[in-house]
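**Student:** Compute the structure for the input listed below.
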Amino acid sequence: MMTLFIALWLLVSPFAQDESKALQFDVRARQNLLLGKGEQSGREYYDVVITKQPNAGALIKLPYTQKGGKFSFDLHHRIPMTNDFGLPAEVTTIVEVLTGGTTSLGTFTISDTIKDGDKFEEPISKISTAEIDKYVTPLFRKTVVITTRPGPQSVSIVGQTLVITRAGTTTRVDTQGTRIAAVSNFKFEDASAANPLKP
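**Tutor:** Residues are numbered from 1 along each chain as shown. Okay, here's the model as predicted:
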């Protein structure tokens, strides 16, 4: 009898493991927002566009949780490093995280001075073959952590404003549809789980 029980348990175990994998979050950002993949890390980098429509942002469907959890991602400037960009430049990028359509989970800012010779920590294998996109790169990194509510939840990362100051001139970008940031390294932790943040 015990042998039969163990055999059945071993038979069912792979399905139980697959079910736990199915509870992982699902990145549902539109394919045209995929900037590319890190050549060293293999991480996907998504563009963040200025929009008031959550489904047009970097959309992530989180799994059901009984107690809520913590969702995190890395926020980067998205900069076209062309010869005429003008360095040094002080850059401030502001994004917002929405849930439930229009409910804000917070506004998050990354601010840095970009100097000549600054490079991102890894090369990005780009998806787009457009001429301008070959100069675009994420720059710098800020990790954002958000507490999520119990139950199912979707979050969308949308752009708000990009402010660039160089040679005494400040340019503010808040035009709908403009790509102003990049996000990567999504992680989710169930509040009831003992495991550390994991994708």
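
**Student:** does Lys134 count as helix, strand or coil?
**Tutor:** helix (DSSP: H, G, I helix; E, B strand; the rest coil).

**Student:** Can you point out the buried residues in the lengthiest strand in the chain?
**Tutor:** Taking DSSP state E as the criterion, the chain has its longest strand at strand 151-166. Residues 153-166 are the ones in strand 151-166 that count as buried (16 or more other Cβ atoms under 10 Å). C-beta: built from backbone N, CA, C; applies to glycine.

**Student:** Buried residues of stretch 139-153, list them for me.
**Tutor:** For stretch 139-153, by 16+ other Cβ under 10 Å, it's Leu139, Phe140, Arg141, Val144, Ile146, Thr148, Gln153.

**Student:** partner residues bridging the fifth one?
**Tutor:** When you say that, I think you mean Ile146. For Ile146, the beta-bridge partners are Phe71 (DSSP bridges).

**Student:** That one touches Leu98, doesn't it?
**Tutor:** No. In this structure, Ile146 is not within contact of Leu98 by Cβ atoms under 8 Å, at 10.9 Å.

**Student:** Tell me the one of the buried residues of strand 151-166 nearest Thr51?
**Tutor:** Of all these, Thr51 sits closest to Val158, with 5.2 Å by Cβ to Cβ.

**Student:** In contact with the residue nearest to that closest one when sequence neighbours are not counted, which residues?
**Tutor:** Nearest non-adjacent residue to Val158, counting by Cβ to Cβ, 6 or more residues apart in numbering: Gly57, 3.8 Å away. Taking Cβ atoms under 8 Å, 6 or more residues apart in numbering as the criterion, Gly57 is in contact with Ala29, Val48, Val49, Thr51, Leu98, Ser156, Ile157, Val158, Gly159.

**Student:** Which one of these is nearest to Ser72?
**Tutor:** Ile157 (11.6 Å).

**Student:** so where's this protein shaky on pLDDT?
**Tutor:** Within the chain, the segments meeting pLDDT under 70 span 1-23, 193-199.

**Student:** what ranges do the strands span in it?
**Tutor:** Taking DSSP E as the criterion, the chain carries its strands at 26-27, 34-38, 44-49, 58-65, 69-80, 89-99, 103-114, 124-126, 136-148, 151-166, 169-173, 179-190.

**Student:** Excluding chain neighbours, give the residue nearest to Gly101 in space.
**Tutor:** Take Gly101 and drop its neighbours on the chain: the residue closest to it by Cβ to Cβ, 6+ apart is Pro54, 5.9 Å away.

**Student:** quick one: that neighbour and Leu105 touch, right?
**Tutor:** No. Contact criterion Cβ under 8 Å: Pro54 and Leu105 do not qualify, at 11.3 Å.
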